[in-house]
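Undergrad: next one to model:
(one chain, ligands or ions: 2)
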Amino acid sequence: MAFSFLATFSEVIISQHQSLDPNTCIAFIGGGNMAKAIISGLLKQGHNSANILVCAPSQTTRHDLMNKFNVKVHHDNTAAVAFADVIIVAVKPFVVPVVCEQLSEVMQHDNRKLVISIAAGVKHATLCQKLNNSPKVICAMPNLPTAIGEGLTGLFAGSDTQQNDIALAESVMRAVGETVWLKDENQMSTIVAAAGSSPAYLFLFLEAMEKAAIEQGLPQETATKAVLQSAMGAISMAMNSQHNLASLRQQVTSPKGTTEQAIMAFQDGDLDQLVASAMACAATRAKELSIG
Ligand SMILES: NC(=O)C1=CN([C@@H]2O[C@H](COP(=O)(O)OP(=O)(O)OC[C@H]3O[C@@H](n4cnc5c(N)ncnc54)[C@H](O)[C@@H]3O)[C@@H](O)[C@H]2O)C=CC1
Ligand SMILES: O=C(O)[C@@H]1CCC=N1
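TA: Ligands and ions are numbered 1, 2, ... in the order given. I've put the predicted structure just below:
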């Protein structure tokens, strides 16, 4: 049932989907890994760097961002309010309260700005309450591939969020990848586990394969190429195939062949259980990071 509602809700959003207006001014609070990833994706998609501001306390960070992306920078987070149509809060979860306090003071006089928080675990109601009970708040959980326009962002809006704000958040995050809208905010911790954090699991798995191929005797460069090209080909096939993942796996696994031996070794090590427990750890941590 949750899925069918999710699909219906997404259709509502997607039916209104419009490309990101190049004049949209977007401010980032925080200039770390994830802000950089989203900025890269936006610029790659053609967004004007003059319409991007990054507020960051570190001069080195500001300098690097300016050099790398030609974006505007500021040391004061409240500068985001005057500049932006959309403010993306991209600081660590524990920094969110202080940022909200700073923004809320200025937004008392200018509450037209949409705030999108990408902080893991930080609840929608908490953000609204900390931002003068603003309805113009959306929670998002993007992932690192937003940097190349191939991200996946889970989004959650409150029931009193206006459609134009939902459409604006959709256009920003769709500019850097795909989006899924959640009806139930509790699903966000699973989006953290399945999308926000998951690129790291995949990198870990690929690292392990690369290491094993080198240990079996391949030169580093050949091992890296073999592993990455195979991963890219497999993902691309899975994305474009009519077959489900299990069926594609079976197409590789000849009876009594080589793959079967590897798959049996993974199953002996209870890969499913290991993955399930790793994802449960990520989801639990997202809940722990929730600030009151
Ligand atoms: N790294 C990832 O793949 C993803 C991260 N996130 C979320 O994005 C948020 C940021 O994560 P990262 O970019 O990885 O962290 P990061 O540590 O790379 O970046 C955080 C930035 O915030 C800045 N900062 C610290 N205090 C500040 C303040 N008072 N005002 C303004 N800026 C301040 C820091 O200087 C730093 O540049 C986190 O809440 C995380 O949960 C969400 C999805 C994916
Ligand atoms: O590890 C983290 O806390 C963040 C949230 C999702 C990905 N990175």
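
Undergrad: show me what from this protein comes close to ligand 1.
TA: 29-35, 55-58, 61, 77, 90-93, 95, 98-99, 118-120, 141-144, 196 (CB under 6 Å from any ligand atom). In short, each C-beta sits where N, CA and C put it, glycine included.

Undergrad: show me which of the residues you listed neighbour ligand 2.
TA: Contacts with ligand 2 are made by Ala120, Gly196 out of these, judged by CB under 6 Å from any ligand atom.

Undergrad: quickly find the element holding the residue nearest to Gln251 when sequence neighbours are not counted.
TA: Counting by CB to CB, 6 or more residues apart in numbering, His243 is the residue found nearest to Gln251 once chain neighbours are left out, at 7.4 Å. Mapping His243 onto the secondary structure by DSSP states H and E places it in no helix or strand at all.

Undergrad: looks like His243 contacts Arg249 (just checking).
TA: No. Judged on CB atoms under 8 Å, His243 makes no contact with Arg249 at a distance of 9.5 Å.

Undergrad: quick check: the residue of the chain most remote from its centre vs Ala246, distance?
TA: In the chain, counting by CA atoms, centre = their mean, Lys256 sits farthest out from the average C-alpha position, at 40.4 Å. Lys256 sits 19 Å away from Ala246, going by CB to CB, to the nearest Å.

Undergrad: break this structure into its domains for me.
TA: In terms of domains, the chain is parsed into 2-188, 198-289 (source: automatic domain parsing).

Undergrad: beyond the lengthiest helix in the chain, next helix or strand please.
TA: In the chain, taking DSSP state H as the definition, the longest helix is helix 220-240. Where DSSP H and E defines the elements, the next helix or strand beyond helix 220-240 is helix 245-252.

Undergrad: how big is the angle separating the very next helix or strand once past that following helix from helix 245-252?
TA: For helix 245-252, the following helix or strand on the C-terminal side (DSSP H and E) is helix 258-268. Angle, helix 258-268 to helix 245-252, by axes from the mean of the first three to the mean of the last three CA atoms, to 10 degrees: 140 degrees.

Undergrad: rounded mean pLDDT for helix 258-268, please.
TA: Mean pLDDT, helix 258-268: 98.

Undergrad: does anything pack onto it? Which helices or strands?
TA: Applying 3 or more CB pairs under 8 Å, 6 or more residues apart in numbering; DSSP states H and E, one finds that helix 258-268 makes contact with no other helix or strand.

Undergrad: residues making contact with whatever helix or strand Ile191 lives in?
TA: Using DSSP H and E, Ile191 sits in helix 188-191. With CB atoms under 8 Å, 6 or more residues apart in numbering as the test, helix 188-191 has contacts from 121, 139, 141, 154, 156, 180, 182, 279, 282-284, 286-287.

Undergrad: helices and strands around the helix or strand that it is followed by, which ones?
TA: Using DSSP H and E, the next helix or strand after helix 188-191 towards the C-terminus is helix 198-215. Contact here means 3+ CB pairs under 8 Å, 6+ apart; on that basis helix 198-215 packs against helix 220-240.

Undergrad: chain center to the helix it packs on, what's the gap?
TA: 22 Å (CA atoms, centre = their mean, to the nearest Å).

Undergrad: looks to me like Thr179 is in a strand.
TA: Yes. When DSSP: H, G, I helix; E, B strand; the rest coil is applied, Thr179 is found to be in a strand.

Undergrad: how much space separates it from ligand 1?
TA: Distance, Thr179 to ligand 1, using CB to the nearest ligand atom, to the nearest Å: 14 Å.

Undergrad: share the number of residues neighbouring that residue, please.
TA: 22 (other CB atoms under 10 Å).

Undergrad: so which residue is dead centre in this structure?
TA: Pro142 (1.2 Å).
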